[in-house]
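Student: Structure of the sequence below:
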Amino acid sequence: MIKWQDFAPSSTSRVREGIEWSITYSYNATQNGCPRVLLIGDSICNGYNGKVREFLDGGVNVSFWASSKCVTDPDYFRELDFMLDAYPYEAVCFNNGLHSLTTDRAEWDAAYRAAVEFIQAKLPQTKLSLTLSTPLKDASLTAVSASLNGTVLALAAEKELPVIDLFAAMDGLDREEYWSDTYHFRAPAIEMQAKIISAHVRKQLGVGE
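Tutor: Numbering: from 1, shown residues only. Below is the predicted model of the structure:
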């Protein structure tokens, strides 16, 4: 039996935010005729999931878990375990990073790797993709996001996992036009992200338009 406790960090220096949150939706929850993808991320995921659902409509059902929790949070793996058990998934798109900009880097690197290995152990037949964190309006924070993505890219290469590169797609855009604040995006950028993800999912699952 795969236990999340065997993968979660045994200790962490992570300091929680003033408000910690988790949001989950499973669309078409009673329908079993289509494959289902699980999107995992943060408020960026919460922003694009509806559009992903729209672009995948009729071909792939969508579940998502968006959370403020860093992979080093003591509760992260427990909640991840709950989501992985909720439905049979043909694909998982995994992201964690923007709530980890100030997390101890060694702890994050180890916990991120453990989370990927936990997903693979729990869902060995599911197609797992790693989603890169997006850039920010602030250049110094963007540099941290890029550095975290470096860990993701190295792990993806090691484990031969596909990558969904939202960072490169967003980084060339005008910050004033496409960002709504330091972290979040306006509707046109959100739609771009959703198109990238939905196209990737369709390709992974062999589902046409």
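Student: contacting residues around S129?
Tutor: Taking CB atoms under 8 Å, 6 or more residues apart in numbering, we find S129 in contact with 91-94, 161-164, 200, 204. No exception for glycine: its C-beta is placed from N, CA and C like everyone else's.
Student: Buried subset of the residues you listed, written for ChimeraX?
Tutor: Selecting the buried subset of the contacts of S129 in ChimeraX, with 16 or more other CB atoms under 10 Å as the burial test, is done by:
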select :91,92,93,94,161,163,164,200,204
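Student: Just name the closest of the contacts of S129 to M83, please.
Tutor: The shortest approach to M83 among the contacts of S129 belongs to V92, at 9.3 Å (CB to CB).
Student: my read: the closest one touches P124, true?
Tutor: No - contact criterion CB atoms under 8 Å: V92 and P124 do not qualify, at 11.7 Å.
Student: center of the chain, which residue is that?
Tutor: Centroid check for the chain by CA atoms, centre = their mean gives N95 as the closest residue, at 2.4 Å.
Student: roughly how far apart are that residue and N32?
Tutor: From N95 across to N32, the span is 26 Å (CB to CB, to the nearest Å).
Student: tell me the contacts of V52?
Tutor: 39, 62, 194, 197-198, 201.
Student: Among those residues, which are located in helices?
Tutor: Counting by DSSP state H, the contacts of V52 place 194, 197-198, 201 in helices.
Student: in this protein, which ranges drop under the pLDDT threshold?
Tutor: Counting by pLDDT under 70, the chain has low-confidence residues at 209.
Student: For it, just list every one of the helices.
Tutor: Going by DSSP H, the chain shows helices at 43-56, 76-86, 105-122, 139-159, 166-171, 175-178, 187-205.
Student: Mind listing residues that contact the shortest one?
Tutor: Residues outside helix 175-178 that contact it (CB under 8 Å, 6+ apart): 137, 170, 185-186, 188-189.
Student: CA atoms of it as CSV?
Tutor: C-alpha atoms of helix 175-178 as CSV (Å, rounded to 0.1, in the frame of the first residue of the first chain):
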residue,chain,number,x,y,z
ARG,A,175,3.6,43.1,-18.0
GLU,A,176,1.2,46.1,-17.9
GLU,A,177,-1.1,44.6,-20.5
TYR,A,178,-1.3,41.0,-19.4
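Student: No further questions, thank you.
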